[in-house]
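Chemist: Pasting a predicted model and its sequence here:
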Amino acid sequence: MDQFNLEIISPEKSFLTKSDTEEVVIPAIEGYMGILKDHIPLISFLKPGIIDVRSKNETSNYYVDDGIVEFKDNTLSILTSNIFDLKEMDKNKVDKIVKDAEEGLKKENIKDNERYILDQKIEVLNSIKSN
Amino acid sequence: MPSLDDLRKRITSVKSTQKITKAMKMVAAAKLRKAQENAEKGRPYSEKMNNIILNLSAGVSDPQSAPKLLVGTGKEDVHLCVVLTSDRGLCGGFNSNIIKKAKNYFEKIQKEGKSLKIITVGSKGYDQLKRQYGKHIIENISFKESKNINYFDAAKVGNLIIEKFQNEEFDFCTIFFNKFKNVISQIPQAQQIIPLENENKDKDEKLESNYEFEPDEDEILSNLLPKNISTQIFKAMLENSASEQGSRMTAMDNATRNAGDLVDKLTIQYNRSRQAAITKELIEIISGAESL
């Protein structure tokens, strides 16, 4: 399969750069989206979910809270402030994020789109836990 | 003429001060390397963010409907200044330089008859500004507890600013920080973040605007701009922390050298007066023996 570049950047550092990616599935705000080589230029947002990076020999999964995605000239850039490798996520960490999100849901003046994001977050994290 | 005992005490005291400044210099040097690394690592994020916003704002044709964070409120009455300083002292002119720059700006604004609001980040800035501009300071934030600069602290400040902007508490927002050039030179900077100032507007004429947007352009822009504010503040905080360590290192290096000079001077003075005392005693003994 054809390969393209991937960079995942967090404010603190460059989290991941790869040049042999074949497919990336991202949790875009309006639904999961698979990206292959020669996708048209794209800008979108992420909702809480799992990024699935597939290259020839391996696949890796990352959990993200939010982020911005840009695809241009066969380079996919993902800017995100909160990202974890699923292999490094232990149960305690997941529980803590779920708890924070649930507390956020309890607030009274919460907006609909915030509620949607938090619901998503809890759902994704629970599915991580059950695996 | 101080007595021998006094001189001896003075020399030991200066020597122990020198030890402290030397240790502080070493610590600052070690921290500087880390801070500099962090500042460099943080650059791709803010650059990328800037690029995306540039691409997006190039597509905005109607300034009426554009988000206010990008084009401003249309008024120029209230200015918000965010002054980023350190929490610790003993770092040379680091804090004073920022404050000086900020004060110049404050005066300019007040002369124009506009009202001024100040947010200080870092306790040193608050200490230096509270006497003269105390009634303008609306918020004082300090991150003494956080060991390292992290994005969440910056996001806190960013969200506070955005909240105030949405409540229409100000029309312009400028941040003050030190830009790290190298170890001996840090440049105080004023950067306007609301409305967004486009630094390289003329340079990038040929921007691509054939992007596919999901959701639509306006929504992305209105989501992205608040994030950009936090990013800018984060960048400023990283630059600031590198500058702080650099400035402290130079200041402590100078202090160590000055202490060394002082010790040399005092030692010469001590030896001279010791020699003088011995000579005096000898003369006394000899003249006493002669007179017998």
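Modeler: Arrived safely.
Chemist: From here on, just use CA atoms for contacts and neighbour counts.
Modeler: Noted.
Chemist: Would you check that B:Pro195 makes contact with B:Phe165?
Modeler: No - the criterion here is C-alpha atoms under 8 Å, and B:Pro195 misses it with B:Phe165 at 10.6 Å.
Chemist: Quick one: the helices in chain A, in order.
Modeler: Applying DSSP state H to chain A gives helices spanning A:91-106, A:112-130.
Chemist: Between those, which one is closest to chain B.
Modeler: helix A:112-130 (12.0 Å; C-alpha to the nearest C-alpha).
Chemist: what does the closest one rub up against?
Modeler: By C-alpha atoms under 8 Å, 6 or more residues apart in numbering or on different chains, the surrounding residues in contact with helix A:112-130 are A:47-50, A:65, A:91, A:94, A:98, A:101-102, A:104-105.
Chemist: need the residues of chain B near chain A, please.
Modeler: Residues of chain B found near chain A (C-alpha under 8 Å from any C-alpha of the partner chain) are B:38, B:41-46, B:49, B:52, B:150-151, B:210-215, B:220, B:231, B:234.
Chemist: Quick check: PyMOL command selecting the buried ones in those.
Modeler: PyMOL command restricting the residues of chain B next to chain A to the buried ones, with burial defined by 16 or more other C-alpha atoms under 10 Å in any protein chain shown:
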select buried, chain B and resi 38+41+42+43+44+45+46+49+52+151+211+213+220+231+234
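Chemist: Tell me which entries of the residues of chain B next to chain A lie within strands.
Modeler: Mapping those onto strands (DSSP state E) picks out B:212-214.
Chemist: Same list, the helices of chain A, but as TSV with mean pLDDT and distance to A:Pro27 please.
Modeler: Shown next, in TSV, are the helices of chain A (pLDDT from 0 to 100; distance: least, C-alpha to C-alpha, whole Å):
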stretch	mean pLDDT	distance to A:Pro27
helix A:91-106	80	18
helix A:112-130	79	11
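Chemist: Okay, domains of chain B per the record?
Modeler: B:4-21+B:252-287, B:35-248 (automatic domain parsing).
Chemist: Could you say which one of the ones you listed comes nearest to A:Asp85?
Modeler: Closest of the domains of chain B to A:Asp85 is domain B:35-248, at 18.6 Å (criterion: C-alpha to C-alpha).
Chemist: pLDDT on the closest one, on average?
Modeler: The average pLDDT for domain B:35-248 rounds to 84.
Chemist: what separates that domain from the chain centre, distance-wise?
Modeler: Here the centre of domain B:35-248 is set off from its chain's centre by 13 Å, with C-alpha atoms, centre = their mean, to the nearest Å.
Chemist: ok, residue 33 - how many residues close by?
Modeler: Assuming you mean chain A. 13 (other C-alpha atoms under 10 Å in any protein chain shown).
Chemist: should've been chain B
Modeler: By the criterion of other C-alpha under 10 Å, B:Arg33 has 14 neighbours.
Chemist: So which elements touch the helix or strand hosting it?
Modeler: In the assignment (DSSP states H and E), B:Arg33 maps to helix B:4-58. On a contact count with 3 or more C-alpha pairs under 8 Å, 6 or more residues apart in numbering or on different chains; DSSP states H and E, helix B:4-58 meets strand A:14-28, helix B:217-291.
Chemist: can I get the ones you listed in TSV with distance to A:Ile117?
Modeler: Shown next, in TSV, are the helices and strands packed on helix B:4-58 (distance: least, C-alpha to C-alpha, whole Å):
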stretch	distance to A:Ile117
strand A:14-28	12
helix B:217-291	14
